[in-house]
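> what's the 3D shape of this:
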Amino acid sequence: MPGFMGRNKKQDVVLVIRDADMVAAALTQALAEAAPEERPGLERAVGLVEAAAAATDDQLRARWVRSRLAAVGFTGDVSSVAAVKALRQAEPRLSLLAAVQLQREAVAHPE
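Numbering: from 1, shown residues only. Prediction:
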């Protein structure tokens, strides 16, 4: 039964879920309790998590788009029609509208 309870239905919304704050808190706690030989690695990890937490939702969606394009082997121009097609191939439940909006974010936030 296509469309039943949202199955096989195209999606126009992509949620950004952030959990970097929880990871940062856990690392900070681990750093506070760490032995001296563990501190350099944990300090580096805290820095990486803090940098990831500083990214905007648009930047996170742009990174996600590039990762999904890479997953299907797309190496062309992110602003092309072929990129939208590849994104929808990678994520078949995305509507055309959502794919185009995500593509625009990826173009606006190059890495």
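> Give the residue spans of this protein that score low on pLDDT.
Along the chain, segments meeting pLDDT under 70 span 1-9, 11-16.
> Residues contacting the host helix or strand of Ala51, please?
Counting by DSSP states H and E, the element that carries Ala51 is helix 39-53. Helix 39-53 is contacted by residues 18, 20-21, 23-24, 27-28, 30-31, 34 when judged by Cβ atoms under 8 Å, 6 or more residues apart in numbering. Just so you know, the C-beta spots here come from the backbone N, C-alpha and C atoms, and that holds for glycine as well.
> Do a quick rundown of the helices in this protein.
All helices of the chain, identified by DSSP state H, fall at 20-32, 39-53, 57-71, 81-90, 96-108.
> among those helices, which is nearest Lys10?
Nearest to Lys10, of all the helices of the chain, is helix 96-108, at 7.7 Å by Cβ to Cβ.
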